[in-house]
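Asker: need the 3D shape of this:
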Amino acid sequence: MFVANAAINEGGPLGEVPMDRFRALFEVNVFATLETVQIAARKFVEKGRGKIVFMSSMAGISATPYVGPYTATKHAIEGIAQTLQSELKEFGVQVATINPGAFKTGFNDRSAEEKWKWFDEENNFTRKEDMIKQEEALKNQFDPEDMIQKMIEIIPADSHKFRTVFPEETEKQLKKTEQERWEMEI
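Answerer: Purely as a prediction, here's the structure:
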């Protein structure tokens, strides 16, 4: 079993985030993750069995304003996981994702703080008050102990859904949002 859990998080307006910061997120969250997964995949294929679990995020399924840099990396992870699931199945290797909602671990709070290291009201066009308003959602994060228990249940299980979104209210929210995106007009 291999759990791909490495990730860094940074928010900010996607149309303005400095590219070096954006690249750093992809380097850790996507490139380094895939590189380690490839090592695990080779070993599992040689053994004829194994399981790779990607710690994705609700951000890998939806998109929230000012969370775009992280969201983009988790969308990439979703594509990688889905592709590997199809490619490795014939070799006896299972692939799945776990997509947590917003849990109060400090990870999301640090992400919200990062953009203030480079954002400058004088030079950036995004309104500071819009980003501050979006950060209010961080007041309602879930207890991480619940997610830990879900991971303990899912990771060693022989059989479960390809994608585990938790908690259930986050799964319902994401399904609703996805349906809205199919009907959205510009």
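Asker: my guess is residue 142 meets residue 108, correct?
Answerer: No. In terms of CB atoms under 8 Å, residue 142 does not count as a neighbour of residue 108; the distance is 10.6 Å. (Glycine included, C-beta is placed from N, CA and C.)
Asker: higher neighbour count, these two?
Answerer: residue 108 (21 against 17; other CB atoms under 10 Å).
Asker: what strand or helix carries that one?
Answerer: Assigned by DSSP states H and E, residue 108 belongs to helix 107-114.
Asker: who touches that helix?
Answerer: Outside helix 107-114, the residues that touch it by CB atoms under 8 Å, 6 or more residues apart in numbering are 9-12, 21, 67, 70, 102, 135, 138, 141.
Asker: among these, which ones are in helices?
Answerer: Among the contacts of helix 107-114, the members falling in helices (DSSP state H) are 21, 70, 135.
Asker: over the helix or strand harbouring residue 25, what's the mean pLDDT, rounded is fine.
Answerer: If you go by DSSP H and E, residue 25 is part of helix 19-26. Here helix 19-26 scores 97 as its mean pLDDT.
Asker: most remote residue from the protein's center?
Answerer: What lies farthest from the middle of the chain is residue 122; by CA atoms, centre = their mean that is 31.3 Å.
Asker: so that one is in which element?
Answerer: Residue 122 belongs to no helix or strand when assigned by DSSP H and E.
Asker: which residues are in contact with it?
Answerer: Residue 122 touches nothing, counting by CB under 8 Å, 6+ apart.
Asker: how about it, phi and psi?
Answerer: phi -70, psi -30 (degrees, to the nearest 10).
Asker: leaving out chain neighbours, which residue sits closest to the residue minimising distance to the centre of the chain?
Answerer: Nearest residue to the geometric centre of the chain (CA atoms, centre = their mean): residue 57, 3.1 Å. Counting by CB to CB, 6 or more residues apart in numbering, residue 74 is the residue found nearest to residue 57 once chain neighbours are left out, at 4.6 Å.
Asker: would you agree that neighbour is in contact with residue 60?
Answerer: Yes. The pair residue 74 / residue 60 is scored as a contact, 3.4 Å apart, by CB under 8 Å.
Asker: if we can go back for a sec, common neighbours of residue 142 and residue 108, please.
Answerer: Listed as contacting both residue 142 and residue 108 by CB under 8 Å, 6+ apart are residue 102.
Asker: what ranges does this structure have for its helices?
Answerer: 19-26, 33-47, 68-88, 107-114, 128-135, 144-154, 168-183.
Asker: would you pull up how far the fourth one lies from the middle of the chain?
Answerer: In other words, helix 107-114. When C-alpha coordinates are averaged (CA atoms, centre = their mean, to the nearest Å), helix 107-114 and its chain have centres 14 Å apart.
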